[in-house]
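Participant: Need coordinates for the following:
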Amino acid sequence: MTMTEVADGVHRFSDAYVNFYVVEGREGLTLVDSGLPAMWTPLERALQGQGFSLQDIRALHRAAAEACR
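Facilitator: Now for the predicted structure:
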């Protein structure tokens with residue numbers, strides 16, 4: 001998994017098939033398009049590398065959830 005800062009405070013996490021984003025805010029982090037369950041461990045490691053943890057995630061936005069039905 002790679003992490004790229006695409007804008008100030010906006011980080012894209014990606015592998016060969018999936019992209020999702022973490023947005024830094026005043027109250028904590030927002031996770032956008034939460035990826036797949038198998039990506040949570042790599043996400044946790046990447047967040048720790050930036051000084052964050054999963055506990056810093058305050059909101060989850062699943063933008064594509066309806067398109068997957």
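Participant: So residue 38, which state does it fall into?
Facilitator: Here residue 38 takes the helix state, with states given by DSSP: H, G, I helix; E, B strand; the rest coil.
Participant: same question, residue 48
Facilitator: Classified using three-state DSSP, residue 48 is helix.
Participant: same deal with the one 3 residues further on?
Facilitator: Under three-state DSSP, the three-state class of residue 51 is coil.
Participant: Can you report how many residues lie near it?
Facilitator: Here the number of neighbours of residue 51 (other C-beta atoms under 10 Å) works out to 7. Placement of C-beta: from N, CA and C, glycine included.
Participant: and if you look at residue 35?
Facilitator: As a burial measure, the neighbour count of residue 35 was computed by other C-beta under 10 Å and equals 20.
Participant: Report all helices and strands that the lowest-mean-pLDDT helix or strand in the chain contacts.
Facilitator: With mean pLDDT, DSSP states H and E as the measure, the helix or strand of the chain carrying the lowest mean pLDDT is helix 40-49 (a mean of 88). Helix 40-49 is packed against strand 10-14, with contacts defined by 3 or more C-beta pairs under 8 Å, 6 or more residues apart in numbering; DSSP states H and E.
Participant: what about the strand it packs on, distance to the chain center?
Facilitator: The gap between where strand 10-14 is centred and where its chain is centred comes out at 6 Å by C-alpha atoms, centre = their mean, to the nearest Å.
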